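1. Provided below are the primary sequence and the corresponding predicted coordinates.
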Amino acid sequence: MGIELPFGYQKINRFPVTNIDEKMKEFLSPFIKDGTFDGKIVVGSPDPHGPFKAKARDGHYAAYLTLFLGQFVELPEDFPIKLDVDVKAEKEEGNNLILVGGPGTNLITQEFNEFLPIRFNMMPSEHGFLLGGLVSEKTQKVYTADNMGLIARIPNPWNMEKSVIVLAGNKAVGTKACVLALTKFWKKTLKNFDDERFAVVIQGFDLDGDGKVDSIEVLG
């Protein structure tokens, strides 16, 4: 990091990061290389696309996520935010990936869905697919509320040396709850993180009554 002064460019020390949980460091470790972010953050295209012909309305949540990640890492040389359609077209699925948005709006989340310990129930229909909520591989419990979502980290099945983090809701409000869970409530969210294949269901709540999600609970 540096700043440009009247007498030239001067490198300055990074701002100190406080109260960073060890679980968070471990969770993000595959995405940090020599102090720089190593991966792509993938959001859904705002144009109609995929089998649902969906327009993503949750891509802006990535801005909040990147503000949070900026505490830990320097900017990479390459622009790290990509649309799902561009990742598919450029065949970049083998990178470290942070996927924002569910399989209805993010085609890359859709591709990785079958590998998740808690996955979205995508039911075939005459119009393509219907989304039937989240289903736990371990308990078979189903989570269908709009304000519910999934946080997961798994090895990348296209490249086992890389990792994939998924922040995805049944609806956009569920995706927002997942982003808040990782950025504001990580101690609660990552309490049981100790495995290569980690997944939890998140439910968002509006505690102050302003119509916006501001708190979360970890359901399992």
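-> Cool, the structure landed. Residues are numbered from 1 along each chain as shown.
2. Helix or strand: which one has the residue nearest to the spatial centre of the chain?
-> Centroid check for the chain by C-alpha atoms, centre = their mean gives L167 as the closest residue, at 3.1 Å. For L167, the element it lies in under DSSP states H and E is strand 159-169.
3. which helices and strands sit right next to that strand?
-> Judged by 3 or more C-beta pairs under 8 Å, 6 or more residues apart in numbering; DSSP states H and E, the packing partners of strand 159-169 are strand 97-100, helix 107-112, strand 148-156, helix 172-183. From N, CA and C alone the C-beta is placed, and that goes for glycine too.
4. Comparing the ones you listed, which stretch has the densest surroundings?
-> Burial of the helices and strands packed on strand 159-169 is given as mean neighbour count (mean count of other C-beta atoms under 10 Å); strand 97-100 ranks first at a mean of 27.
5. pLDDT score for the nearest residue to F31 once chain neighbours are set aside?
-> Nearest residue to F31, sequence neighbours excluded (C-beta to C-beta, 6 or more residues apart in numbering): G39, at 4.7 Å. G39 is assigned 96 on the pLDDT scale.
6. Would you agree G39 is in contact with D78?
-> No. Contact between G39 and D78 fails when scored by C-beta atoms under 8 Å: they sit 10.3 Å apart.
7. Comparing those two, which residue is more hemmed in?
-> G39 (23 against 8; other C-beta atoms under 10 Å).
8. how about that one, phi and psi?
-> Dihedral pair for G39: phi 160, psi -170, per degrees, to the nearest 10.
9. Contact partners for it?
-> By C-beta atoms under 8 Å, 6 or more residues apart in numbering, the contact set of G39 is P30, F31, P80, N95, N96, L97, I98, K162.
10. try it again with 7 Å
-> F31, P80, N95, N96, L97, I98 (C-beta atoms under 7 Å, 6 or more residues apart in numbering).
11. Now pLDDT too, for those residues, in a markdown table please.
-> A markdown table is the format used below for these (pLDDT from 0 to 100):
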| residue | pLDDT |
| --- | --- |
| F31 | 95 |
| P80 | 94 |
| N95 | 97 |
| N96 | 98 |
| L97 | 98 |
| I98 | 98 |
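12. what about N106, neighbour count?
-> N106, neighbours per other C-beta under 10 Å, totals 32.
13. just checking, it touches D84?
-> Yes. N106 lies in contact with D84 (C-beta atoms under 7 Å); the separation is 4.9 Å.
14. pretty sure M24 contacts T189?
-> No. When contacts are counted by C-beta under 7 Å, M24 is not listed as touching T189 (9.2 Å).
15. So which of these two has more stuff around it?
-> Neighbour count, other C-beta under 10 Å: between M24 and T189, T189 has more, with 24 against 20.
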